[in-house]
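Novice: Structure here, sequence nowhere to be found:
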């Protein structure tokens with residue numbers, strides 16, 4: 001049996017192969033995205049990732065950013081594509097963020113999908129279904145998806161004059177962290193009216209069972225924008241019921257708008273065995289129009305490092321060879337022909353030199369008898 005460290009690279013290969021095939025089944029085509037981007041572009045579109053970007057200077061003295069988030073690089077790539085026939089893409093990439101005080105380099109392996117179609121419940125629910133089902137394809141079943149909307153909290157805070165624009169993120173961070181005590185202290189310090197204060201405190205604890213939370217949220221909503229956000233969430237949830245995925249969906253109306261670019265539905269997927277969300281995504285129409293000239297965009301990224309950690313070590317699919325064919329030089333033509341026939345039937349076959357001719361079932365770890373080989377290749 002392979003040791004855990006021996007399986008690491010096999011897990012990554014398995015993840016990338018399985019997910020890329022799965023994304024294609026949903027109509028997504030693969031694109032490659034650039035590693036570097038001018039820092040001026042990051043500043044222009046306010047795409048800073050909490051000052052975690054790694055920067056370098058090129059030979060002409062220009063400051064470049066090493067890919068800290070894939071979405072911006074996907075948008076710049078898509079902006080150069082003339083064909084808009086499909087508008088569904090996926091990628092595999094590393095992102096680089098310096099998150100430690102000792103400047104230790106953090107590399108995050110991830111995949112992601114981006115769909116550049118205008119907002120609709122059908123499109124958004126299909127992407128969420130893809131996110132959930134892609135984990136099922138990897139054998140990961142114990143998951144939950146938290147659903148939210150970028151407008152719900154912000155539409156309430158916009159009504160509060162005492163909270164200035166540059167203070168919104170402070171309030172939202174308390175809410176996301178479920179930090180009720182610090183939230184109350186902050187709101188008291190700002191002299192926020194009790195009617196708004198009570199609603200923000202309620203939102204702080206507004207997460208859990210979908211039906212229960214959506215009903216509570218309706219009592220908190222005080223304007224059309226908040227109710228429209230809840231309508232959108234319910235529309236997506238009702239379609240997820242048709243996918244038979246609603247049992248995995250929970251509501252959390254307090255988590256933040258990552259990097260401030262989401263403009264609609266947001267979601268995160270968790271597994272009980274992972275130390276954080278393994279998938280996060282949402283809709284970012286404003287950014288897509290501004291950078292890529294698209295009418296809308298919705299997608300998600302998956303952290304492959306966290307996903308690899310929760311995969312079982314005893315998965316035969318990590319080593320994907322089905323049959324080993326050992327051949328001596330005198331029988332090499334026979335070995336080549338048999339390899340071709342098995343590969344044509346969809347099997348993965350490794351042809352090697354051996355002391356005598358034999359075909360080994362790799363998963364069962366035994367030599368095949370002649371009649372078994374005949375039945376296998378259909379002769």
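Specialist: Nice, I can see it. All values derive from a computational prediction rather than experimental measurement.

Novice: residue boundaries of the helices in this protein?
Specialist: For the chain, helices defined by DSSP state H occupy the ranges 4-25, 39-44, 70-78, 121-137, 150-157, 168-176, 180-189, 194-204, 210-220, 224-242, 285-292, 304-310, 332-344, 370-377.

Novice: helices or strands up against the fourth one?
Specialist: If contacts are counted by 3 or more Cβ pairs under 8 Å, 6 or more residues apart in numbering; DSSP states H and E, helix 121-137 sits against helix 4-25, strand 106-115, strand 143-149, helix 224-242, strand 265-271, strand 277-283, strand 298-303. For every residue, glycine as well, the C-beta is placed using N, CA and C.

Novice: out of these, nearest to residue 351?
Specialist: helix 4-25 (20.1 Å; Cβ to Cβ).

Novice: Give me the average confidence score over that closest one.
Specialist: Across helix 4-25, the average pLDDT comes to 84.

Novice: Give me the helices and strands touching that helix, please.
Specialist: Counting by 3+ Cβ pairs under 8 Å, 6+ apart, helix 4-25 packs on strand 29-30, strand 88-97, strand 106-115, helix 121-137, helix 304-310.

Novice: Run the chain-centre distance for it.
Specialist: 14 Å (Cα atoms, centre = their mean, to the nearest Å).

Novice: picking that back up, and the helices and strands packed on helix 4-25: which comes nearest residue 248?
Specialist: Minimum separation from residue 248 across those (Cβ to Cβ) falls at helix 121-137, 6.0 Å.

Novice: before we move on, the earlier item: can I get the helices of the chain in TSV with distance to residue 97?
Specialist: What follows is those, written out as TSV (distance: least, Cβ to Cβ, whole Å):
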stretch	distance to residue 97
helix 4-25	19
helix 39-44	13
helix 70-78	12
helix 121-137	22
helix 150-157	22
helix 168-176	18
helix 180-189	26
helix 194-204	28
helix 210-220	32
helix 224-242	30
helix 285-292	19
helix 304-310	12
helix 332-344	41
helix 370-377	49
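
Novice: Rebuild those as JSON lines, extending it with mean neighbour count and distance to residue 279.
Specialist: Output for the helices of the chain, formatted as JSON lines (neighbours: other Cβ atoms under 10 Å; distance: least, Cβ to Cβ, whole Å):
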{"stretch": "helix 4-25", "mean neighbour count": "15", "distance to residue 279": "11"}
{"stretch": "helix 39-44", "mean neighbour count": "14", "distance to residue 279": "24"}
{"stretch": "helix 70-78", "mean neighbour count": "22", "distance to residue 279": "13"}
{"stretch": "helix 121-137", "mean neighbour count": "20", "distance to residue 279": "5"}
{"stretch": "helix 150-157", "mean neighbour count": "21", "distance to residue 279": "17"}
{"stretch": "helix 168-176", "mean neighbour count": "18", "distance to residue 279": "17"}
{"stretch": "helix 180-189", "mean neighbour count": "15", "distance to residue 279": "27"}
{"stretch": "helix 194-204", "mean neighbour count": "17", "distance to residue 279": "23"}
{"stretch": "helix 210-220", "mean neighbour count": "15", "distance to residue 279": "18"}
{"stretch": "helix 224-242", "mean neighbour count": "18", "distance to residue 279": "15"}
{"stretch": "helix 285-292", "mean neighbour count": "19", "distance to residue 279": "19"}
{"stretch": "helix 304-310", "mean neighbour count": "19", "distance to residue 279": "9"}
{"stretch": "helix 332-344", "mean neighbour count": "15", "distance to residue 279": "34"}
{"stretch": "helix 370-377", "mean neighbour count": "13", "distance to residue 279": "39"}
